[in-house]
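Q: one predicted model, sequence on top.
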Amino acid sequence: MFPEHYGPNAQSWEQVLDAYDAEQVAIEQTAGPDDPHLAELAERLAATLAS
């Protein structure tokens, strides 16, 4: 019924949290202040707030 919890490939809660933490660190490292997507988003936000 819940193979991700009870099946042969089930992971412990600590393993799930470790994988999540590693994913968050990777995201933080790739999306820095010089990210062009963030710069574009900031420009759009500033234009929206100005109007």
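A: Noted; the coordinates are in hand.

Q: which parts of this structure are helices?
A: Remark: helices assigned in the chain by DSSP state H are 3-6, 13-30, 36-50.

Q: in CSV: the ones you listed, plus mean pLDDT.
A: Below are those laid out as CSV (pLDDT from 0 to 100):
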stretch, mean pLDDT
helix 3-6, 75
helix 13-30, 86
helix 36-50, 89
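
Q: mean neighbour count for those - can I get that in a markdown table?
A: From N, CA and C alone the C-beta is placed, and that goes for glycine too. Output for the helices of the chain, formatted as a markdown table (neighbours: other C-beta atoms under 10 Å):
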| stretch | mean neighbour count |
| --- | --- |
| helix 3-6 | 9 |
| helix 13-30 | 10 |
| helix 36-50 | 9 |
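
Q: in this structure Asn9 contacts Pro3, no?
A: Yes - in this structure, Asn9 is within contact of Pro3 by C-beta atoms under 8 Å, at 7.2 Å.

Q: could you check how far Leu49 is from Glu43?
A: With the distance defined as C-beta to C-beta, to the nearest Å, Leu49 ends up 11 Å from Glu43.

Q: kindly report the same for Ser12.
A: 44 Å.
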